[in-house]
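Colleague: Got a sequence here, can you build the structure:
(chains A, B and C)
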Amino acid sequence: MNAADKPLLSVTNLKRHYDVRLPGGLFGTPATLKAVDGISFEIMKGKTLGLVGESGCGKSTTAKLVLGHIPVTAGEIRFDGETVTANHNAQWRAMRRRMQMIYQDPLGALDRRLSVADQIGEPIQIHAPETPKAERDERVASLMANVGLRRDMADRFPHELSGGQRQRVVIARALSLKPDLLVGDEPVSALDVSIQAQVLNLLDDLRQSTGFTALFISHDLKVVRQMSDRVAVMYLGRIVESGAPEEVFRRPQHPYTQALVSAIPTIRRSAVSNRIVLKGDPPNPVNAPSGCPFHTRCPAAIAQCKSEVPALLETAGHKVACHLVNNAPAGAGIAAE
Amino acid sequence: MTLELNDPKSLAEDSGSGSVFTAKDRLTAFFETWPPLVLFALFWIALCAVVVAFAPLIAPYDFMAMDLPSRLTPPVFFGGVWTHPLGTDELGRDVLSRLIISIRISVVIAFLSTLIAATLGVTLGFLAAYFRGRVEQLILILIDAQASMPFMIIALAVLAFLGNSLTLFVILMGFYGWERIARIARGLAISANEQGYATAVRDLGASPWRIYSRHILPNIASTLIVSMTLNFPEVILLESGLSFLGLGIQPPMTSLGNMVGYGRDYIQSAPWIMLAPSVAIVLTTLSISIVGDWMRDLFDPTLK
Amino acid sequence: MLRYTFLRIFRALITVTLIVSLAFVILRMSGDPAIIILGPEAPPEAYAAFRSNWGLDQPIWIQYLKFFGAVSQGDLGNSMRDGRSALQVVGERVPLTLAITIPALFLKILIGLPAGICAALYRNTYIDRLIMTVSVMGFTVPSFVLGLVLALIFAVKLGWLPSGGSGTWQHAILPILTMGLIGAAVIARFTRSAMLEVLGQPYIRAASAKGLVWRDVVTSHALPNAAIPTLTIVGFMVGSLVAGAVVVESVFSWPGVGRLLVTAVANRDLAVVQVILLFIGFTMVFANLTVDLLYGWVDPRLRTKQLQAGS
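Modeller: Numbers count the residues shown, from 1 in each chain, chains lettered A, B, ... in the order given. This is a model prediction of the structure:
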C-alpha cells in the first residue's frame, strides 16, 4: 500500500442538524433542519473530490464541517488519522496549518485595512512567528508571483483590486503554509465568467505543482468536471451519486444527476428533446420528504421511494442511491439512452 | 473681467485667483466641507491643546502667587489693567494664569478618564462578544446596572467612603461612560464576527487575541473614537460638577469647576472670577461635541 | 407579555442586588463598619452590640447575607452628626427635593416636547436651527453655570429673586428654572430625533399619500409613535427626581436630599450617604422598570422581539 492509496480525509456518516422554530404556536413549533444528513466519502492523498448540487443542498455546510469550522451533530471526520473537532483550541489552530479554505466572496474574506502583502504573509506570522521579516517578504513575493499578482500590488488594499485579483490574494494566503488539504467553497462563482477560467486554470496548475489534496464545491458541473478526480452529487443533505467524473457525467444513473447533466448546454446535442426539466423547487429541508429525498420531483418514482431511504451502493467504483438502479440487475441501470 | 473672458488662455491660467465666480464657489465649497462652527470648535480645541502642552510657559504668573494689594481687580475692559487681562481673585491671584492651569488639569483628567473608560469598555465589550452565553449575560447586566444609576451619585458615594485623592479621582472618572463604549464595542465586534474577514482570519488559525487586536479593533476604531469623543465633554462636566461641590479636585490644585465654586462667593462683587472658567467649560464641551457630531456624520454617511 | 414582564422584573431585582452589593463592598473597603456606621465616639458597648448584631465575627458571605437582611428591614445605622436614624434624616429632606424637582419636570416637558416637535416639523428652517442651537447649549452648559448665571441676572443685577436659601416660594423659582431649562433641552433633542425618524417611515408617507390632512397624519400617526422613545428619557427623569438635584440644590443652598448628600460626603457621614445611595438606587430601578413595562405595553413589537431573542 503506497502513500497515494491512503485517504487523507475520510468522512463517515456525517450529520449536521439545526434546531429551528417554525411559525405557529406560542413559541413556534420546534423542528429539525437536516442540512447534512449522513454522508460518507474519502479523498485520497493528492486527489480532488468535486461536490456538486443545487444551492441549499448542504454543500457549504459540508465544507465547514470538514474543516471543523462548525461542530458536527453526528459522524466522524478523520484528517490524516486525526479526528477533526470544532473546539477552537490550540490544537485546532495548529491543524489550520495543514488545511485551508478558499471562500466564495474574496472581498468579504479579506481584511480591508491590511495590504495585500500583509494578508498573504499573515498565516506565516501566525504559525511561524519566528520567521525573519526578510524571509517572510521573500515568501510573500514568490507566492504573489505564483498566483499571478504583480509585485507592485503588494502595497494595495483589497478594495483597490478586481474580483479575480482578490481571489488570487485569498488563494495565495491559503497556500502560504503549503497546506495538505484545500477546500474551495464555490471559489469562482462570484467572479466573471472570463475570470473564472483563469482562476480555475491557476488552481489546476497549483495543484499539479504543489500536490495538495482538495475538496471543490460548486453548483457548476463544468467547474467540478474540470477540477476533480472524483465527483459526488448532493441532494437535500445526502450524496445521491458519486464516481469518476467521466462515468458520472457520461452515464448518469440517478434521475437527479440525469436532470442536472441534461441541463448543460451543448453544441452537438439538440438540447430541447433530451432536456429533463424538474418539476418544482427542492423541498424545504426542514420537513424533508420521507424515503428518498428526491421522490417528490423524480419523474420515475415508484411506491418504494416514498417509504424507504435508498442506500448508496457501489457498482465498479460508481455509487448510486436509487431504488430503481439498485433493484435492477447489475449493470443495467435505467440508462437514459 | 472682459479681458479675461476674451482670452481663454489667461482665464485658464488665472483660474486659481482671477475669476470672482470661481473664488466664491471655492469659498462655498470650503465652508461646506468645513462648516464655520466646526472650524471655530477645532480652533478652540487646538488652543486648549497648546494650553495643555505649555501651560506653565504661557501662564503670566504662578497660579498660586498671591498679590493682595491688587486683589479683586476687574478684567481689562471692565476697568482693569493689562497686567491682569482677566482680573484677579479674592487673594489677588491672576485669573488668566489660574484659568490656564485649570484647563490643563480638567482636560488631562478628562483625557485619562476617557482612556480608562474606553479600555474598560472595549475589553468588556470584546469579552462579551467573544464568550457570548453566560459571560455576555453577566456583562450586559453590569452594563444595565451602571446605566440605570446616575453616575454622580455613585461617584459621591465612593468619594464619601474611600476619601479623595487625585489617583482615585481619575480612576473613578474612568468608570464614567464605560457602559456605552462596552455596548458599542460588543455590537460592533459581534457584527464583525459575522462578517467574512474575522471568520477567515480565525480559519487561518489566528488566536482570538490576534483576531480582536489586529483585525477587529482597527476595523471598528473609527466608530469607537467617535463615541470616546462624545464621552469626553461629559467627563469634563462631571469633573467640574464634583469640583464645584468641593468634592473633586482639592486645593491648592485648581480645576475649572473648582474655580467656579470659589468664584461663586464673589458673584456680587467680582463675577468675572466665576464667569471666566464658566465660559471655558462651555466652550470646551461645546467644541468637542460639535467636532464629535461632525466626525460621526463624516464616518457614517447614512446618518445624513 | 407575561414573559416580558417577568424578564424585566428579574433584571430589576438583579440591579437592586448589585446596588446593595456595591454599598456592601465600598463599606467594607473603607474600614471597620462599626466605627463607620456608629461614628468614632460611640460607647464601646454600642460597638460590641453592633458587631454581634451585624455578625462581623462571622465569615464574609454570611455578613453579606445579613447586610441584605439589615437593608430590607431599614436598619441602616445612625447619622454621625446628630445620632438620629439615617433613614429619618434622609426622609425629612425628600419632600423638599420633590418640591423643586416635580415642578421642574413639568417645566421640562412643557417646554421640551413642543420645542422638539416644532423643530422636527419645521426641519432645516430657522425655527429648527434656533431650537437646536439653544438645545445644544442645554447639553454643554453645566447646571451650576446656568444656575449661577441666572442668579447673577435675577438676584444680583435685577434683585427680583433671592439668590439662595429656602422658606418662600420665590426661593424655589431659580432652582426650578435651572433644572427645567436644561432638562427641556434634553427632551427637545430627543423628541426631535424621534419625530424625524418616525416622519421618515413609509407608513407616514402612505398616510399622507392616501390623502389625509397633514395635521391628522402628525397627530394620529407620527406623535404616538414618536412618544415611545421620548417616554424612556422622561422615565429616566422621573427616576432621577431625587438624584438629579444634587448640584442645583447646592448652588441655591436648597436644603433637599442632594444638598444633604453633598454635606454628608464632605463630613463623611457614611450612614446617611449609604441610605441616599440605596434610596436613589431603588427609585431609579423602580422607575426604569415602570418605563420598560409601559414601553412593552405601548409598543407591541418589543414584546415579540423579546420573545424571539429569548427562545
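Colleague: measure stretch B:140-158 end to end?
Modeller: Taking CA to CA, to the nearest Å, stretch B:140-158 runs 23 Å from one end to the other.
Colleague: Give the residue spans of chain A that score low on pLDDT.
Modeller: Flagging of chain A using pLDDT under 70 yields the residue ranges A:1-5, A:23-28, A:265-275, A:328-337.
Colleague: all strands for it, in order.
Modeller: Using DSSP state E, the strands found in chain A span residues A:7-22, A:29-44, A:48-52, A:74-79, A:82-83, A:99-102, A:181-185, A:213-218, A:230-235, A:238-243, A:313-315, A:318-320.
Colleague: want to try JSON lines for those, with mean neighbour count as columns?
Modeller: (C-beta placed from N, C-alpha, C; glycine too.) Listed next are those as JSON lines, based on neighbours: other CB atoms under 10 Å in any protein chain shown:
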{"stretch": "strand A:7-22", "mean neighbour count": "17"}
{"stretch": "strand A:29-44", "mean neighbour count": "18"}
{"stretch": "strand A:48-52", "mean neighbour count": "26"}
{"stretch": "strand A:74-79", "mean neighbour count": "16"}
{"stretch": "strand A:82-83", "mean neighbour count": "10"}
{"stretch": "strand A:99-102", "mean neighbour count": "26"}
{"stretch": "strand A:181-185", "mean neighbour count": "24"}
{"stretch": "strand A:213-218", "mean neighbour count": "26"}
{"stretch": "strand A:230-235", "mean neighbour count": "24"}
{"stretch": "strand A:238-243", "mean neighbour count": "25"}
{"stretch": "strand A:313-315", "mean neighbour count": "12"}
{"stretch": "strand A:318-320", "mean neighbour count": "22"}
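Colleague: Would you mind giving those strands as CSV with distance to C:I117 added?
Modeller: Output for those, formatted as CSV (distance: least, CB to CB, whole Å):
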stretch, distance to C:I117
strand A:7-22, 41
strand A:29-44, 44
strand A:48-52, 60
strand A:74-79, 60
strand A:82-83, 64
strand A:99-102, 54
strand A:181-185, 52
strand A:213-218, 56
strand A:230-235, 58
strand A:238-243, 61
strand A:313-315, 74
strand A:318-320, 71
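Colleague: hang on, A:L33 packs against A:Y18?
Modeller: Yes - counting by CB atoms under 8 Å, A:Y18 is a contact partner of A:L33 at 4.2 Å.
Colleague: So the nearest residue to A:T61 once chain neighbours are set aside versus A:P285, what's the distance?
Modeller: The shortest distance from A:T61 to any non-neighbouring residue, by CB to CB, 6 or more residues apart in numbering or on different chains, is to A:A35 (4.4 Å). Applying CB to CB, to the nearest Å, the value for A:A35 to A:P285 is 6 Å.
Colleague: what's the overlap in contacts for these two?
Modeller: Taking CB atoms under 8 Å, 6 or more residues apart in numbering or on different chains as the contact rule, the neighbours common to A:A35 and A:P285 are A:G58, A:G237.
Colleague: Now do the contacts for the closest residue to B:I216 other than its chain neighbours.
Modeller: Of all residues not flanking B:I216 in the chain, B:A192 sits nearest, at 4.6 Å (CB to CB, 6+ apart). Counting by CB under 8 Å, 6+ apart, B:A192 touches B:A198, B:H215, B:I216, B:N219, B:I220.
Colleague: Could I get the buried residue list for the helix or strand hosting the fourth one?
Modeller: Secondary-structure element containing B:N219, defined by DSSP states H and E: helix B:217-244. By neighbour count on 16 or more other CB atoms under 10 Å in any protein chain shown, the buried set for helix B:217-244 is B:217, B:219-220, B:223-224, B:226-244.
Colleague: what ranges do the helices span in the stretch 1-150 of chain B?
Modeller: Here the stretch 1-150 of chain B has its helices, by DSSP state H, counting those that start in this stretch, at B:2-6, B:8-14, B:20-33, B:36-58, B:95-131, B:133-148.
Colleague: Chain C: which of these is closest?
Modeller: Chain C sits nearest to helix B:133-148 of all these, at 4.5 Å, using CB to the nearest CB.
Colleague: so does that closest one get close to chain A?
Modeller: No - using CB under 8 Å from any CB of the partner chain, helix B:133-148 never reaches chain A; the gap is at least 14.5 Å.
Colleague: Quick one: residues in contact with that helix.
Modeller: B:124-125, B:127-129, B:175, B:178-180, B:182-183, B:186, C:11, C:14-15, C:18-19, C:239, C:284-285, C:288.
Colleague: Hmm, B:S243 is touching B:Y262, no?
Modeller: No - the criterion here is CB under 8 Å, and B:S243 misses it with B:Y262 at 10.0 Å.
Colleague: mind listing what's buried in the longest helix anywhere in chain A?
Modeller: As assigned by DSSP state H, the longest helix anywhere in chain A is helix A:193-210. Judged by neighbour count using 16+ other CB under 10 Å, the buried positions of helix A:193-210 are A:I195, A:Q196, A:Q198, A:V199, A:L200, A:L202, A:L203, A:L206, A:R207.
Colleague: Of all residues in chain B, which one is nearest the centre?
Modeller: What sits nearest the mean C-alpha location of chain B, by CA atoms, centre = their mean, is B:F232, with 3.8 Å.
Colleague: how many neighbours does A:S290 have?
Modeller: By other CB atoms under 10 Å in any protein chain shown, 12 other residues sit near A:S290.
Colleague: Could I get the phi/psi values of it?
Modeller: When read as degrees, to the nearest 10, the backbone of A:S290 gives phi -70, psi 170.
Colleague: quick one: it and A:P283, what's the gap?
Modeller: 11 Å.
Colleague: now do A:A300
Modeller: Applying CB to CB, the value for A:A300 to A:P283 is 18 Å.
Colleague: Show me which of these two is the more surrounded one.
Modeller: A:P283 (15 against 12).
Colleague: can I assume that one is in contact with A:F294?
Modeller: No - with contact defined as CB under 8 Å, A:P283 does not reach A:F294; the gap is 9.2 Å.
Colleague: what touches both of these two?
Modeller: Counting by CB under 8 Å, 6+ apart, the residues touching both A:P283 and A:F294 are A:L236.
Colleague: pretty sure C:S135 contacts C:T191?
Modeller: No - the criterion here is CB under 8 Å, and C:S135 misses it with C:T191 at 10.0 Å.
Colleague: joint contacts of those two?
Modeller: C:A115.
Colleague: neighbour count winner among the two?
Modeller: More crowded of C:S135 and C:T191, by other CB under 10 Å: C:T191, with 28 against 22.
Colleague: Spatially, and excluding backbone neighbours, which residue is closest to the more buried one.
Modeller: Residue nearest to C:T191 in three dimensions, not counting chain neighbours: C:G116, with 2.7 Å by CB to CB, 6+ apart.
Colleague: show me what contacts the one you found?
Modeller: C:I131, C:I187, C:A188, C:R189, C:F190, C:T191, C:R192, C:A194, C:M195, C:T230.
Colleague: what about the last one, helix or strand, and which?
Modeller: When secondary structure is defined using DSSP H and E, the element that contains C:T230 is helix C:223-239.
Colleague: And for the third one?
Modeller: Per DSSP H and E, C:A188 falls inside helix C:169-199.
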